[in-house]
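**Student:** Sequence and predicted structure, then a few things I'm wondering about:
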Amino acid sequence: MKSNQKLLYKARTQGIIKFMLGIYLLTFSVGTITFYLREELTQQNFRFFTKTSLLYLIFCFLLYLAIKSQRLILKEDHLILTIFGWTRYKISVYDIEKCEFGKLNGEIVIHITLNKKIKCAFPYYPFQKAWEEISDLLKEKNKSIQIYF
C-alpha cells in the first residue's frame, strides 16, 4: 500500500432487506390469521395492527441504514470503523496485538486486542469478504500481530 493511500471497505447488505421483509410478512400474516380465528378481525383492530406494524418497518429501515453506512477504512497506520459517517473506532495498526473471532450479543465479530489489553469489536458479516485482505495488510504492516481467523 502506498503512502497516504487509504482503502475503503463498504458493508455488504444483500439479502438484509429481503430477510427483514420476509419476517414482517410472516408476522403480519400470522397476526391477521390470529385475529380472524379469534373472531376479533374488525376494521378498527386491523387498522391498529397495521399502524403498529409500521413501527417494525421503520425500525428495520433505520437498522438497514446503520448497516449500510458502515465503512472500514485502512489507512497507512490506522484502522477506522465509521457508522453514519461518525468514527466509532480509530486504532493504530502498530498497537494491535491480536485479531480473532469472538461473539458479542450472539453475533460473530472480530475482536481486536490492543497492547493496552483493550478489546474492540468490529463487525464481521457485513465485511466478511474484506477481512481476509485486511488481515493480510495488517500482518504486512505489523509483523507481531497474531491473527486467528
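**Tutor:** Looks like it arrived, so ask away.
**Student:** what number of residues lie near Leu114?
**Tutor:** 15 (other C-beta atoms under 10 Å). C-beta: built from backbone N, CA, C; applies to glycine.
**Student:** show me the contacts for the nearest residue to it once chain neighbours are set aside.
**Tutor:** The shortest distance from Leu114 to any residue other than its chain neighbours is 4.7 Å, reached at Asp95 (C-beta to C-beta, 6 or more residues apart in numbering). Listed by C-beta atoms under 8 Å, 6 or more residues apart in numbering, the contact set of Asp95 reads Leu114, Asn115, Lys116.
**Student:** what about the last one, neighbour count?
**Tutor:** When neighbours are counted by other C-beta under 10 Å, Lys116 registers 7.
**Student:** What does it show for phi and psi?
**Tutor:** Listed backbone geometry of Lys116 is phi -80, psi 10, with angles given as degrees, to the nearest 10.
**Student:** gap between the closest residue to it other than its chain neighbours and Thr82?
**Tutor:** Counting by C-beta to C-beta, 6+ apart, Lys116 lies nearest to Asp95, which is 7.4 Å off, once chain neighbours are set aside. Asp95 sits 19 Å away from Thr82, going by C-beta to C-beta, to the nearest Å.
**Student:** and which of the contacts of Asp95 is nearest Tyr124?
**Tutor:** Leu114 (18.2 Å; C-beta to C-beta).
**Student:** rewinding a little: let's see the pLDDT reported for the residue nearest to Lys116.
**Tutor:** Here, the pLDDT recorded for Asp95 equals 91.
**Student:** What segments of the protein are strands?
**Tutor:** Ranges of strands within the chain are 7-10, 71-74, 78-83, 86-92, 96-104, 107-114, 119-123, 146-148, based on DSSP state E.
**Student:** Thank you, goodbye.
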